[in-house]
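> dropping the sequence and predicted coords here.
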Amino acid sequence: MKEVLLLKDGELALKGLNRSTFEDILVKNCKRRLARLGKFTFTKSQSTMIVEPNQPDIDLDEAAAIIRKVFGIVGYSRAAVCEKELPTICCIAQDYLADELQNIHTFKVEAKRSDKKFPFTSPEICREVGGYLLSKNKNLSVDVHHPEMTVTVEIRDQYAFIHGNQKKGAGGMPVGTNGKAMLLISGGIDSPVAGWMMAKRGIALSAVHFASPPYTSKRAEMKVHELLSKVAEYSGRIKLYTVHFTDIQEAIRDHCPEDTFTLIMRRHMMRIASALAEKDGASALITGESVGQVASQTIYALGCTDQAASLPVFRPCIGLDKTEIIDISRAINTFETSIQPYEDCCTVFTPKHPKTKPTPALLQEVESVFDWTELLNQAIATAKEEWITQEEGI
């Protein structure tokens, strides 16, 4: 029995004359993610994309597991293909869905007839297919309001497609349709969530991590690699810049008041990230900050941090509490990695009593006691570059 995947593109249906551009990027993203399984043919049909494997040995279960993490797809179904003849449709529906039908008690049939030349109306298709399934499955009854399964029959130009309940996709917009931004990733819970949230809006990701050996270990860097590989399952591959930050932090320790350590550190991070982002073709920065969560994330501190950036700063977690952020991290499988006990550079030289209401003028005065230019330029010039791909491979 021939099978395909039917993808629903949701939000793209609202686009106007540029809709095909968004759809083309979605197809490109799907092909790239599925490439290791084999070749597929993609056919666009209204708000549905038909994905047909070109080789008989392709694992559609694995293909579906990959597709469900591609942004831009709101729902997907594994479907049987059959000829557009009502008796055939009835038989295929029973054969294809037999195992699922045996394990439920209620169902209904929905028909979608984009081929208006098909000689039966949608209600007639539902009645015939539903009656046939009832005759073959004595455990079933019809429930049109809250069925355990919805059997869908889609009558399209060349074939009919039959499938059970549609599964939920990742939603959002195809990655690459809304530019590129650089994620500042520390290794904690928040920043991977922030990257995932912005990728969901169609933003391609690069990332920067600040390492401070010997104060931070190689395991902390490996932890960041693992987190980004999990985000990459949704966003596609990510270029990571690892910045050696030790000299800058030691200079902050030696020349700045203790209560400003974290603020000055974050301002320098913004300067370095802005330079690397512009080099990488990114148009914004992304951080995982949530207002008021820690002393460096007060509204005053965030304003001072932004002043040091030369690009817009996106903070998708800004209005979320920690429980909400943790819920998302669990859903995208980054939480258990994030809580591994390998400290990042943000914990180095942390002040006991950080300043919570700084002003830009104060921090500029503190910074003026030392010429940071050489250290910043060296950190930018020596940043290590590498590609991080999804755990499943690309």
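Great, that's in hand. Model, not experiment: these values are computed from the prediction.
> which stretches of this protein form helices?
Remark: helices assigned in the chain by DSSP state H are 19-34, 60-67, 86-102, 122-136, 190-200, 218-235, 246-255, 261-280, 299-308, 322-331, 335-338, 360-367, 373-381.
> now the ones you listed in JSON lines, with distance to Thr152, mean pLDDT and mean neighbour count?
In this view, the C-beta of every residue, glycine as well, is placed from N, C-alpha and C. Below are these laid out as JSON lines (distance: least, Cβ to Cβ, whole Å; pLDDT from 0 to 100; neighbours: other Cβ atoms under 10 Å):
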{"stretch": "helix 19-34", "distance to Thr152": "21", "mean pLDDT": "93", "mean neighbour count": "18"}
{"stretch": "helix 60-67", "distance to Thr152": "16", "mean pLDDT": "94", "mean neighbour count": "16"}
{"stretch": "helix 86-102", "distance to Thr152": "10", "mean pLDDT": "96", "mean neighbour count": "17"}
{"stretch": "helix 122-136", "distance to Thr152": "10", "mean pLDDT": "96", "mean neighbour count": "17"}
{"stretch": "helix 190-200", "distance to Thr152": "26", "mean pLDDT": "97", "mean neighbour count": "26"}
{"stretch": "helix 218-235", "distance to Thr152": "26", "mean pLDDT": "95", "mean neighbour count": "21"}
{"stretch": "helix 246-255", "distance to Thr152": "58", "mean pLDDT": "95", "mean neighbour count": "17"}
{"stretch": "helix 261-280", "distance to Thr152": "44", "mean pLDDT": "96", "mean neighbour count": "22"}
{"stretch": "helix 299-308", "distance to Thr152": "48", "mean pLDDT": "93", "mean neighbour count": "18"}
{"stretch": "helix 322-331", "distance to Thr152": "26", "mean pLDDT": "96", "mean neighbour count": "15"}
{"stretch": "helix 335-338", "distance to Thr152": "35", "mean pLDDT": "95", "mean neighbour count": "18"}
{"stretch": "helix 360-367", "distance to Thr152": "58", "mean pLDDT": "95", "mean neighbour count": "15"}
{"stretch": "helix 373-381", "distance to Thr152": "54", "mean pLDDT": "97", "mean neighbour count": "14"}
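> mind putting those into TSV with distance to Lys2?
Formatted as TSV, those follow (distance: least, Cβ to Cβ, whole Å):
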stretch	distance to Lys2
helix 19-34	18
helix 60-67	11
helix 86-102	10
helix 122-136	19
helix 190-200	33
helix 218-235	28
helix 246-255	59
helix 261-280	43
helix 299-308	55
helix 322-331	33
helix 335-338	39
helix 360-367	64
helix 373-381	54
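> kindly report the domain assignment for the protein.
Following automatic domain parsing, one gets these domains for the chain: 3-168, 180-388.
> count of neighbours near Ile189?
Close neighbours of Ile189, defined as other Cβ atoms under 10 Å, add up to 21.
> would you agree it is in contact with Glu336?
No: using Cβ atoms under 8 Å, Ile189 is not in contact with Glu336; the gap is 10.4 Å.
> now Ala220: how far from Lys279?
For Ala220, the distance to Lys279 equals 24 Å [Cβ to Cβ, to the nearest Å].
> now swap in Lys2 and tell me
With Cβ to Cβ as the criterion, Lys2 and Lys279 are 48 Å apart.
> not counting residues beside it along the chain, what's closest to Ile73?
For Ile73, ignoring the flanking residues on the chain, the nearest one in space by Cβ to Cβ, 6 or more residues apart in numbering is Gly169 at 3.7 Å.
> great, nothing more from me.
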